[in-house]
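Test case, fold it:
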Amino acid sequence: MPRASWLLGLAGLIPFVAGLLAFIYLEDYPKTLGQHAFLLYSLAIISFLAGTTWGWAQAARPRDGGIQLLVSNGIVIFAVLAMLTANPFWALILLAAAYLVFLGYERRVLEQTNDYRRMRATLTLLVVTLHGVMVAALSVDA
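You can find the predicted model right below:
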């Protein structure tokens, strides 16, 4: 696994951490902005991950590629519906679930190197943990 992949993956956690810290430590509009930024960034990242399956689907056999496209679209639609709940608590839980489902899908269906699997599992578990901390922060704030 190229070092750049790990570095970019870890750098991708920065907006999650920034949104979480803004929500925990700031007040009023900046606090709300941190929450919204966290949620929107989460939607963007799960959409990006789902979009990567389009490339895999193009390289797959025609029969298998159709399923990958459906899964890709399904994950994005699920994530958008999570946001449309207009309830940050449930949106965070549903988005975290989408990350875990997508990771499981990748592991079962796609051929990956062990290094890639390890990177994706590590990053996904960190992202899901950050979602859990945000859920806890929301619960304390309520």
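
isn't residue 115 right up against residue 6?
No - at 9.1 Å, residue 115 and residue 6 do not qualify as touching, with contact defined as Cβ atoms under 8 Å. Just so you know, the C-beta spots here come from the backbone N, C-alpha and C atoms, and that holds for glycine as well.

per-residue confidence averaged over stretch 58-74?
Stretch 58-74 comes out with an average pLDDT of 75.

same check, this time on stretch 111-130
94.

ok, now stretch 83-93?
Across stretch 83-93, pLDDT averages out at 97.

More neighbours: which of residue 115 and residue 6?
Shown here are residue 115 and residue 6; by other Cβ atoms under 10 Å, residue 6 has more neighbours (15 against 12).

Just give me the longest helix of this protein.
Using DSSP state H to define each element, the chain has its longest helix at helix 28-59.

Packing partners of the next helix or strand after that helix?
For helix 28-59, the succeeding helix or strand toward the C-terminus, using DSSP states H and E, is helix 62-84. Secondary-structure packing of helix 62-84 (3 or more Cβ pairs under 8 Å, 6 or more residues apart in numbering; DSSP states H and E): helix 28-59, helix 88-109.

Report all helices and strands that the first one contacts.
Secondary structure elements in contact with helix 28-59, counted by 3+ Cβ pairs under 8 Å, 6+ apart, are helix 14-25, helix 62-84, helix 88-109, helix 114-141.

sorry, back to before: can you redo the helices and strands packed on helix 62-84 as JSON lines, where the extra columns are distance to residue 134 and mean neighbour count?
Shown next, in JSON lines, are the helices and strands packed on helix 62-84 (distance: least, Cβ to Cβ, whole Å; neighbours: other Cβ atoms under 10 Å):
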{"stretch": "helix 28-59", "distance to residue 134": "6", "mean neighbour count": "16"}
{"stretch": "helix 88-109", "distance to residue 134": "5", "mean neighbour count": "18"}
